Structures are given as C-alpha cells and as structure tokens.
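[1] Quick check, what structure comes out for this input:
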Amino acid sequence: MGKIVSFSNQKGGVGKTTTCVNMAAYIAATGKKVLLVDCDPQGNATTGLGFSKSSLKKSVYNVLIDDEKAADNILQTETERLDLLPSNIDLAGAEVELVYKKGREKILKNALAELKNVYDYIMIDCPPSLGLLTINALAAADSVIIPIQSEYYALEGLSQLMNSITLVKQHLNPALEVDGVVLTMYDSRSLISKQIAEEIRKFFTRRVFEIVVPRNIRLVEASSYGKPIMLHDPKCAGARAYKALTQEYLNKEENKN
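    All right, here's what the predicted structure looks like:
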C-alpha cells in the first residue's frame, strides 16, 4: 500500500514545489514508483517536470470537478518511474467550484484511493493557501512535509498552518501526521539563516530534518528547464542536498516499519 505525502506551507516562495519535485524524483531513482499530484493552480510542479500547463487537457481539475478517474489524467515524465497528475489553467477556478460539490473536502482522497496500490509514494504539491485545494490534499494524505525557508519571517503564519493540520486531523483525517520540516534556502554565511534554523529546530524539536537545502541557483535553473535537479546538474550543492534529504526521509520511513 502506497503512502500519500502532502507538501504544504501557505506562505509562497519557501521552496515547497522545488522540494516536492526533487524528493519525488530522488525517491523514484531508488526504484520506487512515484506519482506527483500538482494541486497548485500556479502549476510550477507541472512546468518543473517539463509540461506546459496552458496546453494540457488532462489535469487534476478533471478529477476534482468533472469526476474523471485520476488514472485517466496521469502523464509520464522524463524521469523513470515518476508520473504526474498535472495542474492546468482550469485549476484556478476550482476553489470556487468545489464549494458546490458534495463531500468537497474528500474528493481527492477518494480519487487517489485506487492508486495507492499502484504507487509506492503519491506526493501532493499544495497551493500556497489554506483553501479547499489544500484541505483536499491534507484530507487525502497520510502525512505532511513542511518546507520552510531559512529567512526572516519564516515562522510567520506557521501557527495558522499547524492549526489547519490540527483541524483536518480532528474532522477529516485523524491519522494525518507531520513527517518533518525541511529547511530550505539556507545560507551558511548568513547569521540570520543560522538563527532562523535554530528557532525552527526549537519550535519543531525532533521533527526537523538534519539535512538543510542551500540557496542554489542551479535549482532555479532546473525548474526553468523543466527538469528535476538530478537530471539538470546532479553534482551541484542543491542536488547533493536533495539526494541526502531524500535518503534521510526514506531511512526514517524504514525505521517506522
């Protein structure tokens, strides 16, 4: 039975999509079958895996709003064993349309249920908001990974996200847990970065991953070329960090079992 992991932070620009895409790619590289679900109307995970969201007919929108099967909207990516349930421009209106759907908070959960037997991991990139798309992703997930940038204001709004996770646990998904917090955009030369990292480790105690992701221009380039970092520049600092982070995550998963 596969595991569903949501990547969530309602604050934009924290490296959420970059973390989701690259961890998905590195997990696939270990031989596991992975599906990335792009629930963000911005569609950065979709473009980051080489697809143009403006021209796609298949998307998670069709699953959420038109009741199509998730399996009928999945695309194969350039990365072996990594598939994509993409976003497209229609998803921008989904928040409003979902309001009128029966059982609106659990549509994604029900749609992904049959795919848990097909994939080892299903990784959901949430939008940077706490609306119905994110609620669907959290209701469907077994766990959450929270990327936080190692910069000033990083903790801003974090209590709101934790409250949302608690509410989802109470009302929709009692088994939901936080797998961990990923520190992104870390600058070892910056005192602010070090202080923020320290604050985050105090706030979340043992739930913060040891591996931190550095600020790295090659990660930005990889996204613009529509490739995970392991296909763009596997030896750069960003690639080494995401490979090590993924291994740390998988080791934790093994130790749970």
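[2] biggest helix in this protein, by residue count?
    Taking DSSP state H as the criterion, the chain has its longest helix at helix 237-256.
[3] Just the C-alpha atoms of it, please, in CSV.
    This file holds the C-alpha atoms of helix 237-256, laid out as CSV (Å, rounded to 0.1, in the frame of the first residue of the first chain):
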residue,chain,number,x,y,z
ALA,A,237,25.1,21.6,-4.0
GLY,A,238,21.3,21.6,-4.4
ALA,A,239,21.3,18.2,-6.0
ARG,A,240,23.5,16.7,-3.3
ALA,A,241,21.3,18.2,-0.6
TYR,A,242,18.0,16.8,-2.1
LYS,A,243,19.6,13.4,-2.6
ALA,A,244,20.8,13.3,1.0
LEU,A,245,17.4,14.7,2.3
THR,A,246,15.5,12.0,0.4
GLN,A,247,17.8,9.3,1.8
GLU,A,248,17.2,10.7,5.4
TYR,A,249,13.5,10.7,4.8
LEU,A,250,13.5,7.1,3.4
ASN,A,251,15.7,5.9,6.4
LYS,A,252,13.1,7.4,8.8
GLU,A,253,10.3,5.6,6.9
GLU,A,254,12.1,2.3,7.2
ASN,A,255,12.7,2.8,10.9
LYS,A,256,8.9,3.3,11.4
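[4] Please name every helix or strand in contact with that helix.
    Using 3 or more Cβ pairs under 8 Å, 6 or more residues apart in numbering; DSSP states H and E as the contact criterion, the elements in contact with helix 237-256 are helix 16-29, strand 177-184, helix 217-224, helix 229-232. All C-beta spots, glycine's among them, are computed from the backbone N, C-alpha and C.
[5] and the ones you listed, which is most packed in?
    Comparing the helices and strands packed on helix 237-256 by mean neighbour count (mean count of other Cβ atoms under 10 Å), helix 16-29 ranks first with a mean of 26.
[6] Quick check: what element follows that one along the chain?
    Moving toward the C-terminus from helix 16-29, the first helix or strand encountered (DSSP states H and E) is strand 34-38.
[7] Note down every partner strand of that following strand and its orientation.
    Paired strands of strand 34-38, with direction, are strand 82-85 (parallel), strand 121-125 (parallel) (DSSP bridges).
[8] Would you convert those strands into a markdown table that also reports mean pLDDT and distance to residue 140?
    A markdown table is the format used below for the strands paired with strand 34-38 (pLDDT from 0 to 100; distance: least, Cβ to Cβ, whole Å):
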| stretch | mean pLDDT | distance to residue 140 |
| --- | --- | --- |
| strand 82-85 | 99 | 12 |
| strand 121-125 | 99 | 7 |
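[9] what about stretch 207-221, average pLDDT?
    Here stretch 207-221 scores 95 as its mean pLDDT.
[10] chain center to that stretch: distance?
    Between the mean C-alpha point of stretch 207-221 and the mean C-alpha point of its chain there is a distance of 14 Å (Cα atoms, centre = their mean, to the nearest Å).
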